[in-house]
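>>> What follows is a predicted structure for the sequence shown.
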Amino acid sequence: MARIRQEDVEAVKERTDIVQLVGQYLTLKKSGHDSLTGLCPFHQEKTGSFSVSPAKQVFYCFGCGKGGDAITFLRELEHLSYVEAIERLASTAGVTLRYEGDSAAERRAAERRKSLYRANEQAASMFSTMLVSGKEATDARAYVAERGISPESIETFEIGYATGYAPPPGSDPCKQSSSTTGAATTTG
Ligand code: ZN
């Protein structure tokens with residue numbers, strides 16, 4: 001398995017803000033000098049017992065007991081390996097990762113993962129644009145409005161809509177950035 005150089009891991013940690021990361025998944029409200037609270041994404045609840053400390057860069061849920069740093073949060077929520085979580089955060093933070101004993105095969109594997117993340121992001125944004133403005137998505141828009149999902153939520157959670165037909169050759173973003181494997185998002 002690929003091992004990311006420790007100094008690069010440190011750079012990723014340094015440039016990652018847990019408040020920003022967590023804020024992509026739930027709404028946080030300031031609740032004290034060094035704490036923000038929100039609804040825990042790891043268990044069902046109606047009052048927020050999920051707390052984030054910007055100073056310590058950690059989270060803790062008083063309801064289910066989950067806690068840790070930004071890496072733990074992303075790993076648990078997205079079911080990622082340690083390496084995958086670091087790679088995801090590195091891409092957000094703009095850190096180029098180097099690997100221990102960087103063999104050609106490991107570099108290729110890392111490149112492949114990177115292109116899959118990219119394809120996934122592009123697909124998500126394409127489906128989201130489709131939902132917001134695509135003329136095929138009229139019914140989907142009505143459904144989403146009926147469910148009370150706001151345009152802000154659509155943007156924040158990248159809720160998307162995919163039509164039943166295959167896009168014409170050359171216009172599929174999945175194929176452009178990843179030659180052999182398509183990536184799909186399941187939102188909404
Ligand atoms: Zn919880």
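Here it is on my side, so go on. Quick caveat: nothing in here was measured; it's all calculated off a predicted structure. Residues are numbered from 1 along each chain as shown.
>>> Who are the contact partners of Pro52?
One correction, residue 52 is Val, not Pro. Val52 sits next to 18-19, 22, 28, 35-38, 58-59 when contact means C-beta atoms under 8 Å, 6 or more residues apart in numbering. C-betas here are computed from N, CA, C, even on glycine.
>>> what helix or strand is it on?
strand 50-53 (DSSP states H and E).
>>> Pull up the pairing partners for that strand, direction included.
Using DSSP bridges, the strands paired with strand 50-53 are strand 35-38 (antiparallel), strand 58-61 (antiparallel).
>>> Turn those into CSV, columns for distance to Ala93.
CSV is the format used below for the strands paired with strand 50-53 (distance: least, C-beta to C-beta, whole Å):
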stretch, distance to Ala93
strand 35-38, 20
strand 58-61, 18
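>>> Tell me which of these lies nearest to the ion.
Evaluated over those, closeness to the ion peaks at strand 58-61, with 3.2 Å, by C-beta to the ion.
>>> Quick one: mean pLDDT over the strand holding Val52.
Averaged across strand 50-53, the pLDDT comes to 97.
>>> re earlier: now the strands paired with strand 50-53 as CSV including distance to the ion?
Putting these into CSV (distance: least, C-beta to the ion, whole Å) gives the following:
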stretch, distance to the ion
strand 35-38, 10
strand 58-61, 3
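>>> Can you add distance to Gly148, mean pLDDT and mean neighbour count and give those strands back as TSV?
Output for the strands paired with strand 50-53, formatted as TSV (distance: least, C-beta to C-beta, whole Å; pLDDT from 0 to 100; neighbours: other C-beta atoms under 10 Å):
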stretch	distance to Gly148	mean pLDDT	mean neighbour count
strand 35-38	19	96	20
strand 58-61	26	97	20
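>>> closest one to Ile4 among these?
Nearest of the strands paired with strand 50-53 to Ile4, taken as C-beta to C-beta: strand 58-61 at 21.2 Å.
>>> so after that closest one, what's the next helix or strand?
Strand 58-61 is succeeded, C-terminally, by strand 67-69 (DSSP H and E).
>>> Show me what counts as buried in the helix or strand following that following strand.
With elements assigned by DSSP H and E, the helix or strand that comes after strand 67-69 is helix 70-78. Neighbour counts over helix 70-78 (16 or more other C-beta atoms under 10 Å) mark 70-77 as buried.
>>> Give me the mean pLDDT for the lengthiest helix in the chain.
Taking DSSP state H as the criterion, the chain has its longest helix at helix 104-133. Averaging pLDDT along helix 104-133 gives 84.
>>> That one packs against which elements?
helix 82-93, helix 138-146, helix 151-156, helix 173-177 (3 or more C-beta pairs under 8 Å, 6 or more residues apart in numbering; DSSP states H and E).
>>> of these, which approaches the ion most closely?
That would be helix 82-93 among those, by C-beta to the ion, at 19.0 Å.
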